[in-house]
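[1] Attaching a predicted model along with its sequence, questions to come.
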Amino acid sequence: MRELITSREGKNGSAEEAVRRRKRISLCLKRWLDLIGATVGLLLLWPLMLLIACAVKLDSSGPVLFVQERAGKDGKPFRMYKFRSMVSNAEEMLDRLLDLEALASPAFKIRRDPRVTRVGRFLRRTSLDEIPQLWNVLKGEMSLVGPRPEELKIVRRYREGQTRRLAMKPGMTGPMQIDGRGALTFEERMELELAYIETFRLWSDVKILLRTLPAVVRGKGAY
């Protein structure tokens, strides 16, 4: 009997090790996909980035890029880059528009946000404001696919179990972006992102990347 139990434990251990090995290989391939995708994207899109930078600068005063600390893998802060889509003092205006502590859930999205500029509204609708995040991907702070890069003040309000979404690098696109974007509730987004992490396969990333452009064109939840 003892030999039978030992044999079963050995098989279980071997199966678990095989799963961990496959996941390590998938994560390694995921990083190579990120490096290739970010490099090619930056090389091909730099003329468009230059045009967007000029449009942002001409539309409103302030810097071209919006830089903000976000929570990366395991909650480690990093500086995320986006084209600025709001007025330059948007952070200061937020306190007058929203009481974060009074919200039922940590996440928020303001419809018809008065802080968004004319050019910014187009950039958000088309997700072009997120192109500079390719630099974050190249640096290894983000991935092409993953959970949404969350603000630190929102992460600090996570309940027990919700921090599991920080187990992988945040992504430029992900389950949230292809399944509703801003139209999702916090709980719906959390469920999608945790399911993505727990069932991660490299093929899942490929499918999400293929579905991202049609989702952007539809524009559901983009504001």
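    Okay, I see it.

[2] Could I get the full set of helices for this protein?
    For the chain, the helices defined by DSSP state H occupy 2-59, 90-97, 118-126, 133-139, 152-155, 175-178, 186-198, 202-218.

[3] Tell me where the model's unsure across this protein.
    By pLDDT under 70, the weakly predicted segments of the chain are 1-13, 15, 19, 90, 92-111, 182, 219-223.

[4] Nearest the geometric middle of it, what residue?
    With distances taken as C-alpha atoms, centre = their mean, the residue of the chain nearest its centroid is Arg148 (2.7 Å).

[5] Could you find the closest non-adjacent residue to that residue?
    Met176 (5.2 Å; C-beta to C-beta, 6 or more residues apart in numbering). Quick note: C-beta positions are derived from backbone N, CA and C, even for glycine.

[6] how close does the one you found get to Val56?
    Going from Met176 to Val56 by C-beta to C-beta, to the nearest Å gives 25 Å.

[7] related to what we said a few turns ago, Leu192 is in contact with the residue nearest to Arg148, correct?
    Yes. If you go by C-beta atoms under 8 Å, Met176 and Leu192 touch, sitting 6.0 Å apart.

[8] quick one: common contacting residues for the two?
    Residues within reach of Met176 and of Leu192 at once, by C-beta atoms under 8 Å, 6 or more residues apart in numbering, are Leu184.

[9] Give me the neighbour count for Trp32.
    A count of nearby residues for Trp32, using other C-beta atoms under 10 Å, gives 10.

[10] how far away is it from Trp203?
    According to C-beta to C-beta, Trp32 and Trp203 sit 15 Å apart.

[11] go on, Glu69?
    For Glu69, the distance to Trp203 - C-beta to C-beta - is 32 Å.

[12] picking up where we left off before, now do the residue nearest to Arg148 against Val87, distance only.
    25 Å.

[13] So for those two, which residue has more residues nearby?
    Met176 (21 against 17).

[14] Now do the same contact list for that one.
    Pro147, Arg148, Leu184, Arg189, Leu192, Glu193 are the contacts of Met176 under C-beta under 8 Å, 6+ apart.

[15] repeat that with 6 Å
    Contact partners of Met176, counting by C-beta atoms under 6 Å, 6 or more residues apart in numbering, are Arg148, Arg189, Leu192.

[16] wait, what's in contact with the closest residue to the last one other than its chain neighbours?
    Yep, that's Leu192 we're talking about. Counting by C-beta to C-beta, 6+ apart, Leu192 lies nearest to Pro175, which is 4.0 Å off, once chain neighbours are set aside. Neighbouring residues of Pro175 by C-beta under 6 Å, 6+ apart: Leu192, Glu193, Tyr196.
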